[in-house]
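Asker: Next come a sequence and a model predicted from it.
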Amino acid sequence: MTQLLAASNVHFTRDGKAILSDVHLSLSAGEILTLIGPNGAGKTTLVKILLNLQAADSGVITRKPGAVVGYMPQKLFIDATMPLTVYRFLALTRSGKDDIARALARVGVADLRQQAMSKLSGGELQRVMLARAILRKPDILVLDEPVQGVDIAGQSQLYGLIGQLRDELHCGVLMISHDLHLVMAQTDTVICLNHHICCQGHPENVSADPAFLELFGREQDTGVAMYTHHHDHQHRHGSGECCDP
Ligand SMILES: Nc1ncnc2c1ncn2[C@@H]1O[C@H](COP(=O)(O)OP(=O)(O)OP(=O)(O)O)[C@@H](O)[C@H]1O
């Protein structure tokens with residue numbers, strides 16, 4: 001498979017705090033790679049570094065020359081008083097009318113073309129954001145918590161749609177998620193990040209892991225129990241950290 005994006009030995013420290021230490025990853029065409037980790041684990045920072053929106057202190061980022069990125073950020077600030085329709089928002093990408101109509105139809109919100117952005121529900125907004133990301137016909141689709149604000153049934157549909165888009169565009173998908181249980185079905189590789197990589201692998205090879213449970217809490221036990229993971233490092237007692245043997 002064609003490698004689209006890779007990070008090697010990435011470090012990022014601010015205010016004396018190691019936000020990212022020794023992070024390695026790679027993303028190939030047709031692969032869905034999901035970053036999971038608790039709040040403040042460094043997931044968004046890592047994505048920004050991978051997209052060259054932020055510089056790492058050290059490490060190497062490589063991207064396939066000419067690879068187009070479609071990015072769906074975690075937050076979008078739109079002034080509620082601004083009269084911005086979905087169509088005008090998407091036209092800011094300089095896409096044509098037909099492409100916009102196709103993208104909206106593809107993500108299932110064709111009827112929202114003239115809706116005000118500020119009036120969209122959480123799920124509608126996420127679909128419009130996804131439409132914006134695919135308008136670029138990306139080789140690499142980067143989605144920072146794509147199902148936030150979406151109800152449980154909608155989350156599962158949205159992850160299903162992301163899987164279909166991966167197949168249609170044959171792009172690599174790098175996704176951040178908090179929801180281990182829902183995301184696993186649509187993921188080829190999971191990286192569990194808590195400032196460093198705690199564990200990673202194919203979902204089928206990931207099992208309930210003490211570090212994993214420590215990070216996510218016991219409420220995720222049911223979601224974790226489906227996976228098998230061969231843990232290859234030890235944990236420092238009481239610190240919540242992982243370390244190599
Ligand atoms: N430029 C910076 N200067 C100082 N601190 C920073 C900087 N960038 C990130 N941080 C800190 O790094 C930590 C990780 O932030 P980040 O947004 O990457 O976490 P996250 O895993 O995406 O969290 P969440 O799941 O809550 O979105 C946070 O404590 C944040 O305040």
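Answerer: Okay, I see it.
Asker: does the one helix or strand Thr34 maps to come close to the ligand?
Answerer: Using DSSP states H and E, Thr34 maps to strand 32-36. No: on the criterion CB under 6 Å from any ligand atom, strand 32-36 is out of touch with the ligand, staying 8.1 Å away. (Each C-beta comes from the backbone N, C-alpha and C, glycine too.)
Asker: What is that strand packed up against?
Answerer: When contacts are defined as 3 or more CB pairs under 8 Å, 6 or more residues apart in numbering; DSSP states H and E, strand 32-36 sits against helix 43-50, helix 152-169, strand 172-177, helix 180-184, strand 189-193.
Asker: now for the ones you listed, which one comes closest to the ligand?
Answerer: helix 43-50 (3.3 Å; CB to the nearest ligand atom).
Asker: and that closest one, anywhere near the ligand?
Answerer: Yes: with CB under 6 Å from any ligand atom as the criterion, the ligand is reached by helix 43-50 at 43-45.
Asker: In whichever helix or strand comes after that helix, which of the residues would be classed as buried?
Answerer: Scanning forward in sequence from helix 43-50 by DSSP H and E, the next helix or strand is strand 58-63. Residues of strand 58-63 classed as buried: 59, 63 (neighbour count, 16 or more other CB atoms under 10 Å).
Asker: Also stretch 11-18?
Answerer: 11-12.
Asker: Any idea how far apart the tips of it sit?
Answerer: End-to-end distance of stretch 11-18 (CA to CA, to the nearest Å): 8 Å.
Asker: Close to the ligand: what parts of the protein are there?
Answerer: Counting by CB under 6 Å from any ligand atom, the chain sits next to the ligand at 14-15, 19, 37, 39-45.
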